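*Asks:* Predicted model and sequence follow; I will ask about them next.
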Amino acid sequence: MASTSLAFPTLQPQFRSSRKSFKLSERKLILHQISASVSEKPYAPPPPPTVVQNEPTKLPLRKVPGDYGLPFIGPLKDRLDYFYNQGRDEYFKSRIQKYQSTVFRANMPPGPFVSQNPQVVVLLDGKSFPVLFDVTKVEKKDLFTGTFMPSTEFTGGYRMLSYLDPTEPNHEKLKRVVFFLLKACRDKVIPEFHASYTKLFDTLENELASKGKSSFGDANDQAAFNFLARSLYGTNPADTNLGLDGPKLVQKWVLFQLSPVLVLGLPKLLEELLVHTFPLPPFLVKADYQRLYDFFYDSSSHVLDEAEKLGISREEACHNLVFATCFNSFGGMKFFFPNMLKWIGRAGVKLHTQLAQEIRSAVRSNGGKVTMAAMEQMPLMKSVVYESFRMEPPVPLQYGRAKRDLVIESHDAAFAVKEGQMIFGYQPFATKDPKIFERSDEFVPDRFVGEEGEKLLKHVLWSNGPESENPTVDNKQCAGKDFVVLMSRLLVVELFLRYDSFEIEVGASALGAAVTVTSLKRASF
Ligand code: HEM
């Protein structure tokens, strides 16, 4: 997972959800049929990317509306609006109304003194947004976290893969290393997920019995870290010096990198001065990071051997493994799993019963085993996972710098953007674009079921690319896309194999939804 404003924007605070005010219009895009799944050959080279806007435009050419305000004052004002006065969704929504446009100019936090230049062109609809995936048009160098980049001291002095543009030679080599890691672990994913999340369910049940409620987030942190370590590296953290400390160490390390774009809940003035105006110093997490590094170094010889063959030093490869596993993967699970549970929980017992029936019947007809093939026979379960990604993409902020003068089209107009301009997209507005999705703000569990539903998958963008396309060494799509879809499906499958239904309470937290489980109804059929 990945960008901050977030790179890991997943670590961004949760603000009120948006209700679009621009006019709804009927779905009218011409689409091709797509069959998206966790394929049996997940890491094969994909077809060339879809280039979304290239042709001479027939739309009226419009100057990008908006301005950046006075130097220093403008960015500061926008930062306060974004974090406190308006909140993220309202920050964007109010400007759509003001400019009557889903494309406009604004400053993105953090601004002074953390980022040199906070000025961006904002894209807030599903038509303009995909320009950010087209690496022939945008450069992706050093902008994983937005208009600032955390010190490389957090990562052993190296620039991590997530910060490399595909034109940089190490991008291809390092992405191959991650593909190798993922391919090597394929057979361990299903059993290790079962082991780690069975433990999570046991924990929830024990706490429910003793306290009447249980935090999903806390148990998920431990289960997610264990699952990643065991499936990707074959090592159980509890059997090593790391013990149970992994999640805590990762959280602190990530928080230090993303602090300029997080709301931590401190008093406003203190937070502005301490966290948003200057970056936190890496030396304060150096010892924690070293413990993580040592754990991964000791567990990943087979991957480090492969990296050396590709011309990457063991050290650089290992820092990248820490980053891919802890920042990209653990961070993604930390945000996405509670959110998915929230959407499914809120949908209620009728959906729970349908999911339990579908999942159990498919598993029974596959000899009682959870397999990839069995999961292909669960269209509702698959759709629910995609719909959760659509409603709340875990990495909501994406950036790209125009490689040349571009014309970017929204639904209503075309905009000329100059070479070198930073372009930014807030993904939830693209994936909840009412001109693409009917009832776009609603969680519709079966939205992606059937031929018509599957055609919409090209507008599901959580992986930094359309769900209908695949990561390659030439693009910036999430290397773990298939792995992520698989583990997300496994969470829903394991949940409804074990329970008929569940109830939750959802609270706000600086780091994603705080989901508390208040009841679990054991499987009765
Ligand atoms: C829920 C979990 C995950 C989410 C939501 C997620 C999301 C993303 C996103 C949005 C990006 C693009 C960031 C950008 O450039 O703006 C990305 C990149 C990346 N992700 Fe994931 N990711 C997840 C899990 C994983 C896993 C399991 C792996 C591998 C073990 C992984 C490895 C990577 C790598 C290596 C990149 C950089 C790709 C490149 O530079 O070409 N991610 N991820």
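*Replies:* Good, I have the coordinates.

*Asks:* In which helix or strand does the closest residue to residue 307 other than its chain neighbours reside?
*Replies:* Leaving aside its sequence neighbours, residue 307 sits nearest to residue 317 (Cβ to Cβ, 6 or more residues apart in numbering; 3.4 Å). For the C-beta atoms, the positions are set from N, CA and C on the backbone; glycine is no exception. For residue 317, the host element (DSSP states H and E) is helix 314-322.

*Asks:* What are the contacting residues of that helix?
*Replies:* 155-156, 158, 160-161, 170, 174, 177-178, 181, 289, 292-293, 296-297, 300, 303-304, 307-308, 312 (Cβ atoms under 8 Å, 6 or more residues apart in numbering).

*Asks:* Report the buried residues of it.
*Replies:* For helix 314-322, burial by neighbour count (16 or more other Cβ atoms under 10 Å) applies to 316-322.

*Asks:* what do you get for stretch 409-418?
*Replies:* 409-415, 417.

*Asks:* pLDDT value on whichever residue of the stretch 351-500 of the chain sits closest to the ligand, please?
*Replies:* The nearest approach of the stretch 351-500 of the chain to the ligand comes at residue 480, 2.4 Å away (Cβ to the nearest ligand atom). Residue 480 carries a pLDDT value of 98.

*Asks:* Which elements pack onto the helix or strand bottoming out on mean pLDDT in the chain?
*Replies:* None of the helices or strands of the chain scores lower by mean pLDDT, DSSP states H and E than helix 268-271, at a mean of 94. With contacts taken as 3 or more Cβ pairs under 8 Å, 6 or more residues apart in numbering; DSSP states H and E, helix 268-271 sits against no other helix or strand.

*Asks:* ok, now which ones touch the residue of the stretch 351-500 of the chain closest to the ligand?
*Replies:* By Cβ under 8 Å, 6+ apart, the contact list for residue 480 reads 178, 182, 324, 328-329, 332.

*Asks:* ok, and which of those residues reach the ligand?
*Replies:* Taking Cβ under 6 Å from any ligand atom as the test, the ligand is in contact with 178, 182, 324, 328-329, 332 out of those.

*Asks:* Neighbour count added to those, as a markdown table?
*Replies:* Listed next are those as a markdown table, based on neighbours: other Cβ atoms under 10 Å:
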| residue | neighbour count |
| --- | --- |
| 178 | 25 |
| 182 | 21 |
| 324 | 28 |
| 328 | 26 |
| 329 | 23 |
| 332 | 24 |
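
*Asks:* Narrow the residues you listed to those in helices?
*Replies:* Mapping those onto helices (DSSP state H) picks out 178, 182, 332.

*Asks:* Redo those residues as TSV? Include distance to residue 251 and pLDDT.
*Replies:* Shown next, in TSV, are those (distance: Cβ to Cβ, whole Å; pLDDT from 0 to 100):
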residue	distance to residue 251	pLDDT
178	22	98
182	24	98
332	13	97
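
*Asks:* The ligand: which of those residues is nearest?
*Replies:* residue 332 (2.1 Å).

*Asks:* hang on, the closest one packs against residue 393?
*Replies:* No. With contact defined as Cβ atoms under 8 Å, residue 332 does not reach residue 393; the gap is 10.4 Å.

*Asks:* Which PyMOL command selects the buried ones in the contacts of helix 314-322?
*Replies:* In PyMOL, a selection of the buried entries from those looks like this (16+ other Cβ under 10 Å):
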select buried, resi 155+156+158+160+161+170+174+177+178+181+289+292+293+296+297+300+303+304+307+312
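
*Asks:* Grab the nearest non-local neighbour of residue 125.
*Replies:* Closest residue to residue 125 apart from its sequence neighbours, by Cβ to Cβ, 6+ apart: residue 102 at 4.0 Å.

*Asks:* same check, this time on residue 171
*Replies:* Leaving out its chain neighbours, the residue that sits closest to residue 171 by Cβ to Cβ, 6+ apart is residue 164, at 4.2 Å.

*Asks:* Same question for residue 150.
*Replies:* Distances taken as Cβ to Cβ, 6+ apart place residue 257 nearest to residue 150, at 3.9 Å, with adjacent residues excluded.

*Asks:* Pull the contacting residues for the one you found.
*Replies:* Residue 257 touches 8, 145, 150, 154, 327, counting by Cβ under 8 Å, 6+ apart.

*Asks:* Look up how far residue 246 lies from it.
*Replies:* Separation of residue 257 from residue 246 (Cβ to Cβ, to the nearest Å): 17 Å.

*Asks:* same thing with residue 505?
*Replies:* 27 Å.

*Asks:* Then residue 181?
*Replies:* As judged by Cβ to Cβ, residue 181 and residue 246 stand 17 Å apart.

*Asks:* which bits of the chain sit near the ligand?
*Replies:* So the chain meets the ligand at 1-3, 7, 140, 144, 161-162, 175, 178, 182, 324-325, 328-329, 332-333, 336, 394-395, 398, 462-464, 476, 478-480, 483-484 (Cβ under 6 Å from any ligand atom).

*Asks:* In strands only, show me those residues.
*Replies:* Counting by DSSP state E, the residues of the chain next to the ligand place residue 398 in strands.

*Asks:* What about the residues of the chain next to the ligand, which are in helices?
*Replies:* 175, 178, 182, 332-333, 336, 483-484.

*Asks:* Among these, which pair sits farthest apart?
*Replies:* Comparing every pair within those by Cβ to Cβ identifies 175 and 336 as the most remote, at 21.6 Å.

*Asks:* So which of those two has more stuff around it?
*Replies:* residue 336 (27 against 23; other Cβ atoms under 10 Å).

*Asks:* wait, doesn't that one sit right on residue 396?
*Replies:* No. Taking Cβ under 8 Å as the definition, residue 336 is not a contact partner of residue 396, at 11.4 Å.

*Asks:* ok, now how distant is residue 121 from residue 260?
*Replies:* Taken as Cβ to Cβ, the span from residue 121 to residue 260 is 21 Å.

*Asks:* wait, residue 188
*Replies:* According to Cβ to Cβ, residue 188 and residue 260 sit 37 Å apart.

*Asks:* still on that earlier bit, now, among the contacts of residue 480, which is nearest to residue 423?
*Replies:* When those are compared against residue 423 (criterion: Cβ to Cβ), the nearest one is residue 328, at 22.2 Å.

*Asks:* out of residue 188 and residue 260, which sits in the more crowded spot?
*Replies:* residue 260 (25 against 16).

*Asks:* neighbours around the residue nearest to residue 171, how many?
*Replies:* Residue 164 has 22 neighbours, counted by other Cβ under 10 Å.

*Asks:* what's the answer for residue 365, then?
*Replies:* 10.

*Asks:* Touching, it and residue 376? I think so.
*Replies:* No. Using Cβ under 8 Å, residue 365 makes no contact with residue 376, being 11.8 Å away.

*Asks:* Now list whatever residues contact both of these two.
*Replies:* With Cβ under 8 Å, 6+ apart, residue 365 and residue 376 have no common neighbours.

*Asks:* Quickly note the distance from the residue nearest to residue 307 to the ligand.
*Replies:* To the ligand, residue 317 is 12 Å away according to Cβ to the nearest ligand atom, to the nearest Å.
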